[in-house]
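Asks: Quick one, structure for this:
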Amino acid sequence: MSEPSNQPSQRVSRVVADLPPSGIRKFFDLVIGREDIVSLGVGEPDFATPWRICEAAVYSIERGRTSYTSNRGLMALRNAIAEYLDTRYGVNYHPATDICVTVGVSQAIDIALRAIVNPGDQVIVIEPCYVSYKPMAILAGAEVLVLPTFARDKFQPDLERLESLVTPRTKALMICCPNNPTGTTYARSTLEGLAEMARRRDLLVLSDEVYAELTYEGEHVCFASLEGMRERTIFLSGFSKAFAMTGWRLGYLAGPRDVVEAAVKIHQYSMMCAPIMAQYAAIEALRDGRREVEAMVAAYNERRHVITRGLNRIGLPCILPQGAFYAFPSIAHLGLSSEQFCLELLAQTNVAVVPGNAFGECGEGHVRCSYAASIEQIRTALDRMGDFVGTLRPLERAAAR
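Replies: Numbers count the residues shown, from 1 in each chain. Down below sits the predicted model:
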């Protein structure tokens, strides 16, 4: 029997071989099967899907609704999405032509990128960001340009530096607001600056707004609602976060008709349609799920204050997140890399967090802590993390010398 080789298989695509595995999944796998773990790692609501939403899916099965749907999704769901976006954000999409229901927001991102990218086109990604953006753009054939953001600027994009990245080959910009992993939101003035640049430099914008409902301070500004951006924006969202429907795997994209048509073509060949039972559940979520969403948002709001105060108290500087359910404290002063910190923390305290460099190089020196956990779990995690940080103080003092 031949010895296993560390060299990439000649049978595997070089592009795929060069992609790193997901940093989130790596730490999730380390947690599976371990006892007494307090996980602040995976970005998943700790609430069960509200029963009225589940009941709609059960009722659809009882009625024998177990078939394929239109590639674009149930018309009833697309009508509900169009009504929701019009009522909430004032953006009008035609349900027959401008919306496609997908298997989660990740699939929406994938088919949107493949619909617009030609080999050699450039896509700008603002980091730290969701782990899939850069790999999916690469798999679509794009050259990825990165705009880093930093805690000293509250993770806001430098618009002048962003514009300096744009070349004649730049096709699109990807944004996420509220942001995963930082919890940052962008002010209307920042979004208007991004929109002005997109219009002037003829860019498309992929706007991931899956955390829009989880905004705690000020308004959420839908990027497509800005002047001239309805026809330049591919709006991406879904049901996983606000409606606690991660396992239902349901998202959608809305945008210019020609782009959506191209995305649907890819969807036809690669996925066909999203599960019909999940689509019926989503109709109920949009029509009558607001009360449960508001209750979950209120709980997250309380938790974000608890975790941010606690992280700062134990010596991990952290800005107060304005949206999503993540805190992104700095550990740069402790003498360990983000990955070393997370591995040692898990080994010594059974607390799981995610290294910041999983979300881009500029995330190094930070860790992502999800507060989609009970306050009791958050406080337990903070106590254990505080003890762990205390053991690192000698390293911190040595690094300061």
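
Asks: Tell me how the protein divides into domains.
Replies: Domain assignment for the chain by automatic domain parsing gives 14-48+291-392, 51-288.

Asks: Now render those domains as JSON lines, adding mean neighbour count and mean pLDDT.
Replies: Bear in mind the C-beta positions are built from the backbone N, C-alpha and C, glycine included. Below are those laid out as JSON lines (neighbours: other Cβ atoms under 10 Å; pLDDT from 0 to 100):
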{"stretch": "domain 14-48+291-392", "mean neighbour count": "19", "mean pLDDT": "92"}
{"stretch": "domain 51-288", "mean neighbour count": "19", "mean pLDDT": "97"}
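
Asks: Mind jotting down where the strands sit in the stretch 51-200 of the chain?
Replies: Applying DSSP state E, counting those that start in this stretch to the stretch 51-200 of the chain gives strands spanning 99-102, 122-127, 143-148, 170-176.

Asks: Show me what the shortest one pairs with in its sheet, parallel or antiparallel.
Replies: Think strand 99-102. Within its sheet, and counting by DSSP bridges, strand 99-102 is paired with strand 251-254 (antiparallel).

Asks: Go ahead and name everything in contact with the partner strand.
Replies: Under the contact criterion Cβ atoms under 8 Å, 6 or more residues apart in numbering, strand 251-254 has outside partners 73, 81-82, 85, 91, 93, 98-108, 111-112, 210, 224, 234-240, 260, 263.

Asks: Okay, and which of these map to helices?
Replies: Using DSSP state H, the members of those that fall in helices are 81-82, 85, 104-108, 111-112, 260, 263.

Asks: Stretch 306-316: how far from the chain's middle?
Replies: Centroid separation for stretch 306-316 versus its chain: 23 Å, with Cα atoms, centre = their mean, to the nearest Å.

Asks: Just the C-alphas of it, formatted as PDB.
Replies: The C-alpha coordinates for stretch 306-316 follow below in PDB (Å, rounded to 0.1, in the frame of the first residue of the first chain):
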ATOM      1  CA  VAL A 306     -23.500  41.800  28.600                       C
ATOM      2  CA  ILE A 307     -20.800  40.300  26.400                       C
ATOM      3  CA  THR A 308     -19.200  43.600  25.400                       C
ATOM      4  CA  ARG A 309     -19.000  44.800  29.000                       C
ATOM      5  CA  GLY A 310     -17.600  41.500  30.100                       C
ATOM      6  CA  LEU A 311     -14.900  41.300  27.300                       C
ATOM      7  CA  ASN A 312     -13.700  44.700  28.200                       C
ATOM      8  CA  ARG A 313     -13.700  43.900  31.900                       C
ATOM      9  CA  ILE A 314     -11.500  40.900  31.400                       C
ATOM     10  CA  GLY A 315      -9.000  42.800  29.300                       C
ATOM     11  CA  LEU A 316     -10.100  42.000  25.700                       C
END
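
Asks: rewinding a little: okay, the strands of the stretch 51-200 of the chain in TSV with distance to P321 next?
Replies: Formatted as TSV, those follow (distance: least, Cβ to Cβ, whole Å):
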stretch	distance to P321
strand 99-102	27
strand 122-127	16
strand 143-148	19
strand 170-176	13
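
Asks: just checking, Y93 touches I99?
Replies: Yes. In this structure, Y93 is within contact of I99 by Cβ atoms under 8 Å, at 5.5 Å.

Asks: Isn't V125 up against P148?
Replies: No. With contact defined as Cβ under 8 Å, V125 does not reach P148; the gap is 10.0 Å.

Asks: so what sits against both of those two?
Replies: Residues touching both V125 and P148 (Cβ under 8 Å, 6+ apart): G360.

Asks: Which stretches in the stretch 251-400 of the chain count as strands?
Replies: Under the criterion DSSP E, counting those that start in this stretch, the stretch 251-400 of the chain contains strands at 251-254, 326-327, 351-352, 354-355, 367-370.

Asks: Out of those, which is closest to D153?
Replies: Of all those, strand 326-327 sits nearest to D153, with 17.2 Å by Cβ to Cβ.

Asks: who does that closest one pair up with?
Replies: strand 367-370 (antiparallel).

Asks: The strand it pairs with: how far from the chain's middle?
Replies: On Cα atoms, centre = their mean, the centre of strand 367-370 falls 13 Å from the chain's centre.

Asks: Give me the residues contacting the longest helix that the chain contains.
Replies: Counting by DSSP H, the longest helix found in the chain is helix 290-313. Helix 290-313 is contacted from outside by 45, 47, 50, 52, 183, 213-214, 216, 242-244, 317-321, 325, 327, 329, 369, 371-373, 375, 378-379, 382, 385-386, using Cβ under 8 Å, 6+ apart.

Asks: Let's see that with 7 Å instead.
Replies: The contact list for helix 290-313 (Cβ atoms under 7 Å, 6 or more residues apart in numbering) reads 45, 47, 50, 213-214, 216, 242-244, 318, 320-321, 325, 327, 329, 369, 371, 375, 378, 382.

Asks: do stretch 89-102 as well
Replies: Counting by Cβ under 7 Å, 6+ apart, 72-73, 75, 77-79, 81-82, 85-86, 108, 111, 222, 224-225, 230, 250-255, 257, 260, 263-264, 267, 274, 279 sit against stretch 89-102.

Asks: Now do the same contact list for Y280.
Replies: 56-57, 60, 65.

Asks: again, only this time at 10 Å
Replies: Residues counted as contacts of Y280 (Cβ atoms under 10 Å, 6 or more residues apart in numbering) are 53, 56-61, 63, 65, 69, 74, 76-77.

Asks: Please produce JSON lines containing those, extended by distance to R290.
Replies: What follows is the contacts of Y280, written out as JSON lines (distance: Cβ to Cβ, whole Å):
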{"residue": "I53", "distance to R290": "12"}
{"residue": "A56", "distance to R290": "15"}
{"residue": "A57", "distance to R290": "19"}
{"residue": "V58", "distance to R290": "21"}
{"residue": "Y59", "distance to R290": "20"}
{"residue": "S60", "distance to R290": "21"}
{"residue": "I61", "distance to R290": "25"}
{"residue": "R63", "distance to R290": "25"}
{"residue": "R65", "distance to R290": "24"}
{"residue": "T69", "distance to R290": "25"}
{"residue": "L74", "distance to R290": "20"}
{"residue": "A76", "distance to R290": "18"}
{"residue": "L77", "distance to R290": "17"}
